[in-house]
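Enquirer: build me a model from this:
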Amino acid sequence: MGGIEGLLLGFQIAITPFNLLMAVVGIVLGTIIGVLHGLGGATPIQSVVPAGEHQAHNLVVDEENTYFVGKGGLLVHDNEFRKPTRAIVPGLVRD
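Expert: Coordinates of the predicted model:
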């Protein structure tokens, strides 16, 4: 089977009535679930109380920049632009 024949077979399978129905069901359910997420609205911040100075560490986990930290599980996001590095551990500076 060549490349064109395989591509045509894939399209024949994808456009069967059952697969098209399942695609529509997935789209509708995904939209409903996505809308439900936003129904609660944003929670306003009442106040910010300074906690003093604390030591912080830069953490890179599989290229993700959003983490739950601390005992309360505070969701934080690090939006610092990552520069290319040759270090084995990004951000680790050896003296």
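Enquirer: ok, which stretches of this structure are helices?
Expert: Ranges of helices in the chain, per DSSP state H, are 3-14, 17-37.
Enquirer: mean pLDDT and distance to K71 added to the ones you listed, as CSV?
Expert: (C-beta placed from N, C-alpha, C; glycine too.) Listed next are the helices of the chain as CSV, based on pLDDT from 0 to 100; distance: least, C-beta to C-beta, whole Å:
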stretch, mean pLDDT, distance to K71
helix 3-14, 91, 49
helix 17-37, 88, 26
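Enquirer: next, format the ones you listed as a markdown table and append distance to D78.
Expert: As requested, those are arranged in a markdown table below (distance: least, C-beta to C-beta, whole Å):
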| stretch | distance to D78 |
| --- | --- |
| helix 3-14 | 40 |
| helix 17-37 | 23 |
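Enquirer: M1: what's it in contact with?
Expert: L9 (C-beta atoms under 8 Å, 6 or more residues apart in numbering).
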